[in-house]
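Q: From the sequence below, what's the structure:
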Amino acid sequence: MERITFWNNKGGTGKTSLAFQTICEYANQNSNKKILIIDVCPQANLSELLLGGLYQGGSKNLFQRQSAMLRATIGGYFQLRLPSPYSPPNFNAQDFLTKPNTYNPSIPKNIDLLCGDPLLELQSNAISTLANNNIPTINSWISVIDWLNDFLKQLESIYDIVFFDLNPSFSIYTQIALAATSKLVLPVMADDSSRRAIQNAFSLIYGIKLPSEIYTKYAFAEKLKEAGRELPKVHMIIKNRLTQYMGAASAFATVLKEIDRDVSSLIGAYPDIFSFTTIEDGVVEVRDFNTAGIVSTARGCPFYSLNSGRLDLLGKRVQVKEEFRQKCMNTIKEIVSKSFAYQTPAN
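A: The predicted structure is shown next:
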C-alpha cells in the first residue's frame, strides 16, 4: 500500500487544492483502485472540499461527521488512543471513515476519507506529553508516532494507495503522519520564503543542516532511524501558482532557478532521500488556476467534471473559460502521469 503525503511547513503554497485536484484525477483515471485520504489538518479544508465545498455544504457535512456518536474523524481516532497510547485498543478503523461521494457526487466513488478535525490542536499537547514519557521497556515516542501506522494495519488489504494532506506545521500529529508516509510531495511558490521553506523541510524531516549538533539526538530523523524505521522519500516538488505571464528574465524565474540549484545540490549530497535523480524527473511547474480554481474548490468539483461557461457561485455569475479549464486539467494530469500513475496494487 503506497502512502503519499502533501506537505510543506510553509503555508500558502496551494497544497490542499493541489492535493484535491491530483487525488481526484488519479481516482478518476484508476476507478479499479481503492483510495484512502487521511486529512491530518485541524482546518480540515480538504475534507470540506471532498464533502461538497462551500457551494454544497461541505462545512455542514463535515460537522455532521465530527458530531457522530463515534466521532468519524482523525480526532475521533486520536481521542480513542489517548487512554491507550502505547498499545492499540480494540477498534475498527473502517468505523472512522467517510464515503465523500455520498455527500458530493463529483468525487469518485473509489475514494474514502478519514476527515480532518480541529481537535488535533487541542490534542497536540497531550499527545506530545505521552510521546515524551520515560517508561522502562517502552519506547513511548515511537509507540505514539505509530498511531496512524496502527490504524493503517487494518486497511492494508483494502486500499491500494493512501494520500495524506498535512497542515503547515511540524506538530506531533504532523510527525505521526510523516512516519506513516513513504513518499513526500512538496509544493513551493516562486519566492524566497519558499526557497527557505525547502531548506527548513529538509532540516525538520531529515535532520539536514541543523544549526547545532545539540539538536541531532532530538531530531525526527534520528529517532526514527534508532527505531529501525525508514524516512519518506521526496517524490515530487511542485512549483505552484506561477504567474501566467512569467517571462524567462523575470525575478520569479530567477528564484525558481535558485530553487532548482538548491534541490540539485541536495540530490547530489543526499540521493537516498529522493525517489528521483534529476530535476526533470521530480519537478513540475503549475501555473495559476485563477477563476477555474476558485470555482472548482468552491463547488467541491474537480477540474475534469467542472462545466465551463457562466456558472452560478453563491448568487453570482462567473465565467470559466473552457480553454483555461483544459489547461488546468492538463497540468493535473501531468502531475498524475509523472508521479502516481504507476502505483502498484494492494496485496
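Q: what's residue 5 in contact with, if anything?
A: For residue 5, the contacting residues are 163-166, 177-178, 181, 183-185, 232, by C-beta atoms under 8 Å, 6 or more residues apart in numbering. The way it works is simple: take the backbone N, C-alpha and C, and place the C-beta from them, glycine included.
Q: residue ranges of the helices in the protein, please?
A: Taking DSSP state H, the helices of the chain run over residues 15-29, 45-50, 58-66, 74-81, 119-131, 140-145, 147-153, 172-179, 192-206, 220-226, 251-269, 279-282, 290-299, 322-339.
Q: What is the shortest one packed up against?
A: Spelled out, it's helix 279-282. strand 233-242, helix 251-269 (3 or more C-beta pairs under 8 Å, 6 or more residues apart in numbering; DSSP states H and E).
Q: cool, and the third one?
A: Using 3+ C-beta pairs under 8 Å, 6+ apart as the contact criterion, the elements in contact with helix 58-66 are helix 45-50.
Q: name the helices or strands packed onto the helix it packs on?
A: Packed against helix 45-50 by the contact rule (3+ C-beta pairs under 8 Å, 6+ apart) you find helix 15-29, strand 35-40, helix 58-66, strand 111-114.
Q: What are the contacting residues of that helix?
A: Taking C-beta under 8 Å, 6+ apart as the criterion, the residues outside helix 45-50 that touch it are 16-17, 19-20, 37, 39, 54, 58-59, 62, 65, 100, 104, 107, 111, 113, 115-116, 165, 297, 300.
Q: Spit out the contact partners of the residue nearest to residue 148 when sequence neighbours are not counted.
A: Counting by C-beta to C-beta, 6 or more residues apart in numbering, the nearest residue to residue 148 once its immediate chain neighbours are dropped is residue 180, at 4.1 Å. Applying C-beta under 8 Å, 6+ apart to residue 180 gives the contacts 3, 146, 148-149, 152, 162, 164.
Q: got a pLDDT number for residue 180?
A: Among the per-residue scores, residue 180 holds a pLDDT of 97.
Q: thinking again about what came up before, between the helices and strands packed on helix 279-282, which gets nearest to residue 304?
A: Each of the helices and strands packed on helix 279-282 has some distance to residue 304 by C-beta to C-beta; the shortest is strand 233-242, at 18.4 Å.
Q: Only the buried residues of stretch 177-196, if you could.
A: With burial defined by 16 or more other C-beta atoms under 10 Å, the residues of stretch 177-196 counted as buried are 177-191, 194-195.
Q: follow-up on the earlier one: mind putting the helices and strands packed on helix 279-282 in CSV, mean neighbour count, distance to residue 96 and mean pLDDT included?
A: As requested, those are exported to CSV (neighbours: other C-beta atoms under 10 Å; distance: least, C-beta to C-beta, whole Å; pLDDT from 0 to 100):
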stretch, mean neighbour count, distance to residue 96, mean pLDDT
strand 233-242, 21, 26, 83
helix 251-269, 15, 37, 82
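Q: from what I can see residue 97 touches residue 72, true?
A: Yes: counting by C-beta atoms under 8 Å, residue 97 touches residue 72, with 7.0 Å between them.
Q: Can you pick out the residue with more neighbours from those two?
A: When residue 97 is set against residue 72 and neighbours are counted by other C-beta atoms under 10 Å, the residue ahead is residue 72, at 22 against 19.
Q: can you pull the contacts of that one?
A: Residue 72 is in contact with 65-66, 95-98, 115, counting by C-beta under 8 Å, 6+ apart.
Q: nearest residue to it other than its sequence neighbours?
A: Distances taken as C-beta to C-beta, 6+ apart put residue 65 closest to residue 72, at 4.5 Å, once the chain neighbours are dropped.
Q: ok, now how distant is the one you found from residue 95?
A: Relative to residue 95, residue 65 is positioned 12 Å away (criterion: C-beta to C-beta, to the nearest Å).
Q: What of residue 206?
A: Distance, residue 206 to residue 95, using C-beta to C-beta: 35 Å.
Q: likewise residue 134?
A: Taken as C-beta to C-beta, the spacing of residue 134 relative to residue 95 amounts to 33 Å.
Q: Of those two, give the one with the bigger neighbour count.
A: Between residue 134 and residue 95, counting by other C-beta under 10 Å, residue 95 is the more crowded of the two (12 against 6).
Q: I'd say the more buried one and residue 71 touch.
A: No: here residue 95 lies out of contact with residue 71, judged by C-beta under 8 Å, at a distance of 10.1 Å.
Q: Count the residues that sit near residue 309.
A: Other residues near residue 309 number 11, with proximity taken as other C-beta under 10 Å.
Q: Excluding chain neighbours, what is closest to it?
A: Nearest non-adjacent residue to residue 309, counting by C-beta to C-beta, 6+ apart: residue 320, 6.5 Å away.
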